[in-house]
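> This is the structure alone, sequence omitted:
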C-alpha cells in the first residue's frame, strides 16, 4: 500500500452499463504516461447489469485500479464516493464514454500548476464510427446546436466557465463541496458554477486531449439532451440565476410551436376560423424560417466536416433543439412547483433519467 502522503494523483470515474466502451476506456487510462507520478484509479460502478462490472473486476487484478459500488446509480453519487476514497492530492475526473491521450493526466498536472487555476480541462473532442455517429459529432461542434459554448471549440485556450471532466486539487473540492447528489445530470456545470462564484478560476487547454463517443441513435440523443434541459432548470433554481440565451433559444422555439398549435386547436374547436387561419399562418412562417436556418446550418456543417454528413444533419439539429427545449419546459413546470422538491432523485423522472 502506498503512503497516502506520497500519492500525487487519483483518477475517479462513475460508470454504469458501459460494456461497449469500458475496455477501450480502461486501456487508454492504463496506457497513460505516469513516469514519476504516484497514482491510483477508482471506478464507482452504478450496479451495472450488462457485464461492465465483470470487466472492471478483470482489470482490477492489474495495478492501480480499485472498483467500488455506487448504490446511488447516478454520476454524482459515484464521483463523490470515489473522491472520498481517493488518496491523491490532485483529482482527475474521467468518463467511461471517452478515450484519453497518453499524456492526458500529465498535461492536467502541468497546466494546473502553470496556470494556478482551480480546475483545468480540455475541449470536447469527438471520435465517431459510422455515418450517423460522425454526423452527430459534426453537429455537436456546431454553434447552431450548442450555442457556441467554448468547450466545443477544440482550439480555444483560456479562462472559461466550465470544462468537460476536470482536474482539481482535492482540497479545492473539499472546500467548495463536491458534486451535488440531488442532480442526475448537469453536475459538472453546477460544481463549476459554485467554483467560479467562490472566486475560483477554470482554464481550458487544447493540449489536454480526449475523444468523446457521441450517441449515434436519435432516440438516445433525444433522451440525453432532454435530460440536460430538464436538469438545467434545477441548477438555475438552486443558484437563482437566469439561463443564458443558449438555453432560451430552443425553449422559445418549442414553446412557440406548442402555443401556436394549441391556439389552432382551440380556434378550430370554437369555430373561430379567423383566429385559426391567423395562428396557422404564423406557425407556417415560424416553421419555414426554422427549416431555412436548419438547412443553412447543415450545409455549413457538412462543408466543414464531410459532405456525407449532410443527409443526417437536419434531423440531428432538430433533435438537439426539440429535446433540450422540451426537457427545459418540463423542468420549469416541475422544478418551480411550490414547495420545491426536497431531493430530486426521489422523483419518477429521476429514476428514468438514470
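Noted; the coordinates are in hand. Keep in mind it's a predicted model, so treat the numbers as computed, not measured. Numbering: from 1, shown residues only.
> Buried residues in stretch 166-180, which are they?
For stretch 166-180, a neighbour-count test (16 or more other C-beta atoms under 10 Å) marks 166, 167, 168, 170, 172, 173, 176, 178, 179, 180 as buried. C-beta coordinates here come from the backbone N, C-alpha and C atoms, glycine included.
> scratch that, stretch 324-332 is what I was asking about
Buried residues in stretch 324-332, counted by 16+ other C-beta under 10 Å: 324, 325, 326, 327, 328, 329, 331, 332.
> Around residue 231, how many other residues sit close by?
26 (other C-beta atoms under 10 Å).
> wait, residue 323
For residue 323, the neighbour count with other C-beta under 10 Å is 24.
> repeat for residue 12
What residue 12 shows, counting by other C-beta under 10 Å, is a neighbour count of 24.
> mind checking the backbone torsions on it?
Backbone geometry at residue 12, expressed as degrees, to the nearest 10, gives phi -120, psi 140.
> tell me the contacts of it?
41, 42, 44, 79, 82, 83, 86, 91, 92, 93, 94 (C-beta atoms under 8 Å, 6 or more residues apart in numbering).
> Let's see which of those residues end up in strands.
Of the positions in the contacts of residue 12, 41, 42, 44, 91, 92, 93, 94 sit in strands, assigned by DSSP state E.
> Need the per-residue pLDDT for the second one.
Here, the pLDDT recorded for residue 42 equals 96.
> Same check on the fourth one?
The predicted local confidence for residue 91 comes out at a pLDDT of 96.
> Show me what it is bridged to.
Beta-bridge partners recorded for residue 91 (DSSP bridges): residue 10, residue 168.
> just the second one next, same as before
Here residue 42 shows beta-bridge partners residue 12, residue 66, assigned using DSSP bridges.
> if I pick it, what's in contact with it?
Residues in contact with residue 42 (C-beta under 8 Å, 6+ apart) are 10, 11, 12, 13, 65, 66, 67, 68, 82, 85, 86.
> Could you report the neighbour count for the nearest residue to residue 74 once chain neighbours are set aside?
In this structure, residue 74 finds its nearest non-sequential neighbour in residue 184, 5.2 Å apart by C-beta to C-beta, 6 or more residues apart in numbering. Neighbour count of residue 184, defined by other C-beta under 10 Å: 25.
> hang on, residue 184 in a strand?
No. Residue 184 is assigned coil when assessed by DSSP: H, G, I helix; E, B strand; the rest coil, not a strand.
> Right, I'll leave it there.
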